[in-house]
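*Asks:* 3D, please:
(one chain, ligands or ions: 2)
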Amino acid sequence: MTNERSQPARRSTLAVPGSNQRMLDKARTLGTDAVFLDLEDSVSSLVKVQARSNVVTALNEGGFQQGAISVRVNALDTQWFDDDISALVTQAPGTFDCVMLPKVHSASQISHVSSILAKLEAQVGLAHESLGIEVQIEDALGLVNVETIAASDSRIRTLVFGPADFMASINMRSMVVGAQPDGYTEGDAFHYVLMRLLVAGRAFGLQVIDGPYLGIKDLDGLRVAAHRSAALGLDGKWVLHPDQIDIVNEIFSPKQDAFDHAELILDAYDYYTSHEGGARGAVMLGDEMIDEASRKMALVISAKGRAAGMQRTTSFEPVS
Ligand code: GLV
Ligand code: MG
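*Replies:* Ligands and ions are numbered 1, 2, ... in the order given. Predicted coordinates for the structure are as follows:
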């Protein structure tokens with residue numbers, strides 16, 4: 001089973017259409033944690049083959065600064081899927097980390113793709129399971145089956161919400177992808193979906209990523225959407241444009257004082273539970289009582305901050 005704590009940060013994942021050479025070139029230096037080169041819905045069916053070849057070339061040229069590189073293939077039931085996956089692994093082996101699978105709705109689809117990847121890895125001499133899978137949940141059936149999907153294969157690294165396809169799949173009455181539908185004033189229309197993905201992901205050690213906010217010029221709307229999913233505990237969100245990157249990175253990073261506090265709790269807990277510190281279980285840190293559960297919560301914030309490259313600005317001094 002993979003563990004989200006040992007994975008690279010994915011606060012922001014840049015989506016790059018494989019048919020857009022200028023974006024493929026520019027993506028290399030943009031400051032997102034992750035990137036995926038797209039062969040699916042951002043590419044017209046008329047240029048699917050050209051996009052595949054552009055992506056293979058871009059991967060072989062390399063130079064992507066992001067810590068996690070994926071390629072989104074076309075869905076399993078399309079005429080492009082077989083050639084997408086085999087071209088990527090045989091023509092650009094070792095240049096990317098994960099295949100992103102769109103429109104996943106059953107665990108058997110994952111097993112099928114995993115066995116194809118195993119054969120291709122063997123064919124090109126890559127280690128078994130060196131390629132991961134990012135799973136997009138973006139229709140009603142996918143959500144109904146999300147727990148069995150999440151549990152189904154050790155290649156799975158992330159569950160990714162696809163709001164555009166999902167909104168269409170459930171007939172949500174809105175065309176503004178990622179934003180709340182007009183007329184729904186009672187709460188967050190995406191709460192149930194995001195929470196269900198989050199619980200499934202956490203149960204099986206996967207990162208959980210929110211999808212795109214399509215209102216590129218509406219940076220305030222992006223902030224609201226990103227804050228909602230970051231507050232729930234999701235790990236990150238897609239970005240479609242350079243203007244979205246800093247906002248998403250900042251919102252999905254712990255605040256400096258929260259990071260410092262988490263690090264202090266970890267040090268204090270280690271010290272006070274040791275023989276030297278009195279072998280205690282629950283102790284006071286300033287005005288706050290901390291115990292094993294506080295340590296677990298602090299670990300989450302500390303891991304997110306460290307993965308994002310944060311440095312602490314305070315240090316722990318034991319008081320006896
Ligand atoms: C992304 O793939 C979406 O459907 O929102
Ligand atoms: Mg989609």
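*Asks:* Can you classify the closest residue to S130 other than its chain neighbours by secondary structure?
*Replies:* Nearest residue to S130, sequence neighbours excluded (C-beta to C-beta, 6 or more residues apart in numbering): E121, at 6.3 Å. Every C-beta, even on glycine, is put in place using the N, C-alpha and C of the backbone. Following DSSP: H, G, I helix; E, B strand; the rest coil, the label given to E121 is helix.
*Asks:* check contacts around L159.
*Replies:* By C-beta atoms under 8 Å, 6 or more residues apart in numbering, the contact set of L159 is 135, 137, 146, 149-150, 197, 200-201, 206-209.
*Asks:* of all those, which comes closest to A293?
*Replies:* If you rank these by distance to A293 using C-beta to C-beta, G201 comes first, at 20.7 Å.
*Asks:* Pull out the buried residues from the helix or strand hosting that closest one.
*Replies:* Using DSSP states H and E, G201 sits within helix 191-203. Neighbour counts using 16 or more other C-beta atoms under 10 Å place 193-194, 196-198, 200-201 of helix 191-203 among the buried residues.
*Asks:* re the thing from before, take the contacts of L159 and keep only those in helices.
*Replies:* Counting by DSSP state H, these place 146, 149-150, 197, 200-201 in helices.
*Asks:* wait, which of those is closest to ligand 1?
*Replies:* Nearest to ligand 1 among the ones in helices among the contacts of L159: L197, at 13.0 Å, using C-beta to the nearest ligand atom.
*Asks:* Spit out the contact partners of P318.
*Replies:* Shown in contact with P318 (C-beta under 8 Å, 6+ apart): 268, 271-272, 277.
*Asks:* Please type out the PyMOL selection for whichever of those turn out to be buried.
*Replies:* Buried residues within the contacts of P318, by 16+ other C-beta under 10 Å, are selected in PyMOL with:
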select buried, resi 268+271+272
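*Asks:* Need the contacts of P318 in a markdown table (columns: distance to ligand 1, pLDDT and secondary structure).
*Replies:* Below are the contacts of P318 laid out as a markdown table (distance: C-beta to the nearest ligand atom, whole Å; pLDDT from 0 to 100; DSSP: H, G, I helix; E, B strand; the rest coil):
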| residue | distance to ligand 1 | pLDDT | secondary structure |
| --- | --- | --- | --- |
| A268 | 43 | 89 | helix |
| Y271 | 46 | 90 | helix |
| Y272 | 47 | 88 | helix |
| G277 | 49 | 84 | coil |
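*Asks:* Could you save the contacts of P318 as JSON lines and add columns showing distance to N54?
*Replies:* Formatted as JSON lines, the contacts of P318 follow (distance: C-beta to C-beta, whole Å):
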{"residue": "A268", "distance to N54": "52"}
{"residue": "Y271", "distance to N54": "54"}
{"residue": "Y272", "distance to N54": "57"}
{"residue": "G277", "distance to N54": "58"}
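*Asks:* Can you pick out the most distant pair from the contacts of P318?
*Replies:* Across the contacts of P318, no pair lies farther apart than A268 and G277, at 8.5 Å, counting by C-beta to C-beta.
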